[in-house]
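[1] how would this look folded up:
(chains A, B, C and D)
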Number of protein chains: 2
Amino acid sequence: MFELDVRSRKPIYEQLVEKMKQLIIHNVLKGDEKLPSVRELAQQLTINPNTIQKAYRELESQGYIYSLKGKGSFVHPSSEVDNKEELKKVREELKQLFAEAIYLGMTSEEISALLHEVEGGKQDD
Amino acid sequence: MFELDVRSRKPIYEQLVEKMKQLIIHNVLKGDEKLPSVRELAQQLTINPNTIQKAYRELESQGYIYSLKGKGSFVHPSSEVDNKEELKKVREELKQLFAEAIYLGMTSEEISALLHEVEGGKQDD
DNA sequence: CTAACTGTATTATTACTTCTAGTACAGTAT
DNA sequence: ATACTGTACTAGAAGTAATAATACAGTTAG
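    Presented below is the predicted three-dimensional model:
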């Protein structure tokens, strides 16, 4: 499914959260799609099931997936995502990153271009 | 100078790096301005000098400050900052964050508005 | 109902990172 | 010389991440 850097200073479960978010955001994993089970993914990645669970718990609290006992974990459909806390966090991070980008010499034109590049790469299905 | 959350899950030296970057980026700390010494700041914040040094080392490697043995640590003037690695990192983070913002329901207009808000708040002196 | 899946929770242990503490050395300035 | 600076190193305490081994509850296919 993806690769992890076990030697990284960044915790495995955080890497896992980031990668999964990317897959969900870029629609590689579609709404209501079933994710690999905790044990299955642990075996695939040769890491401990508890670590997977920790990542899934985090993804669930951020609203990206939902889990049903006995059934599995599933991608939360984008249209239903309504996480005001996450949105607030993202807004703050954007402001911080904009200031940093400008400080490092990026123009607002460059930044806008990047935005529209990302925006253009989207499609619903 | 600022406040730190010692109880936070985020390491103290990382908080310190973030805060200092903000002060530098927003021109509260100006170019070539002398920063508090490692020992002085450690005393002010009641944390260990080694922790301050770790933060300063990180800020130096990111190009935000420079240190002179026996003299002190100083803010790197914005105009001279030319850190291609940092810029590359920021570009990647922007793309990731844009995708996330859009996924969470922000429009590109909202994002652009945020950008110009940050941009407008700048002034050289 | 049983067997084999699911998520979830708990406890114990190990490994790693962060932070502190103390010391030391080299360069600068008065 | 004295008192500042940054920098480096070792050692130990404290907290976090990751593993390992169980256990329990809900779902589903036979």
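
[2] near DNA strand C, which residues of chain A show up?
    By the rule CB under 7 Å from any atom of the strand, the part of chain A lying against DNA strand C is A:9, A:35, A:37-40, A:49-50, A:53, A:56-57, A:60, A:67-73. Heads up, the C-betas are built off the backbone N, CA and C, glycines and all.

[3] okay, and which of those residues map to helices?
    Taking DSSP state H as the definition of helices, the residues of chain A next to DNA strand C contribute A:38-40, A:49-50, A:53, A:56-57, A:60.

[4] any of the residues of chain A next to DNA strand C buried? List them.
    Buried members of those, counted by 16 or more other CB atoms under 10 Å in any protein chain shown: A:35, A:38, A:53, A:56, A:73.

[5] the residue nearest to residue A:28 when sequence neighbours are not counted: which element?
    The shortest distance from residue A:28 to any non-neighbouring residue, by CB to CB, 6 or more residues apart in numbering or on different chains, is to residue A:22 (8.0 Å). In this assignment (DSSP states H and E), residue A:22 forms part of helix A:12-25.

[6] what about that helix, near DNA strand D?
    Yes: legend: contact between helix A:12-25 and DNA strand D by CB under 7 Å from any atom of the strand is shown at A:12-14.

[7] hmm, back to that, output the ones in helices among the residues of chain A next to DNA strand C in a markdown table, with distance to residue B:110 appended to each entry.
    Shown next, in a markdown table, are those (distance: CB to CB, whole Å):
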| residue | distance to residue B:110 |
| --- | --- |
| A:38 | 36 |
| A:39 | 41 |
| A:40 | 39 |
| A:49 | 40 |
| A:50 | 39 |
| A:53 | 35 |
| A:56 | 30 |
| A:57 | 30 |
| A:60 | 26 |
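
[8] just the closest of these to DNA strand D, please.
    Nearest to DNA strand D, judged by CB to the nearest atom of the strand, of these is residue A:50 at 3.6 Å.

[9] pLDDT on the helix ranked longest in chain A, on average?
    Using DSSP H, we find that the single longest helix of chain A is helix A:84-103. Helix A:84-103 carries an average pLDDT of 93.

[10] and whichever helix or strand comes after it, what does it pack against?
    Counting by DSSP H and E, the element after helix A:84-103 in chain order, helix or strand, is helix A:108-120. Where contact means 3 or more CB pairs under 8 Å, 6 or more residues apart in numbering or on different chains; DSSP states H and E, helix A:108-120 is packed against helix A:84-103, helix B:84-103, helix B:108-120.

[11] who wins for proximity to DNA strand D among those?
    Nearest to DNA strand D, of the helices and strands packed on helix A:108-120 and by CB to the nearest atom of the strand, is helix A:84-103 at 17.4 Å.

[12] ok and the closest one relative to helix A:49-61, angle-wise?
    Angle, helix A:84-103 to helix A:49-61, by axes from the mean of the first three to the mean of the last three CA atoms, to 10 degrees: 90 degrees.

[13] just the buried residues of helix A:84-103, please?
    A:86-87, A:90-91, A:93-94, A:96-103.

[14] ok, which of those also contact DNA strand D?
    Of these, not one also sits near DNA strand D (CB under 7 Å from any atom of the strand).

[15] pick out whichever of those residues sits closest to residue A:114.
    residue A:101 (9.0 Å; CB to CB).

[16] might you report the residue contacts of the closest one?
    Neighbour list for residue A:101: A:111, B:87, B:90-91, B:94 [criterion: CB atoms under 8 Å, 6 or more residues apart in numbering or on different chains].

[17] farthest pair within the buried ones among the residues of chain A next to DNA strand C?
    Farthest apart among those by CB to CB are A:35 and A:53. That separation is 11.9 Å.

[18] per-residue pLDDT, the nearest residue to residue A:8 once chain neighbours are set aside?
    Among residues not flanking residue A:8 along the chain, residue A:15 sits closest, at 6.7 Å (CB to CB, 6+ apart). Looking at residue A:15, its pLDDT reads 97.
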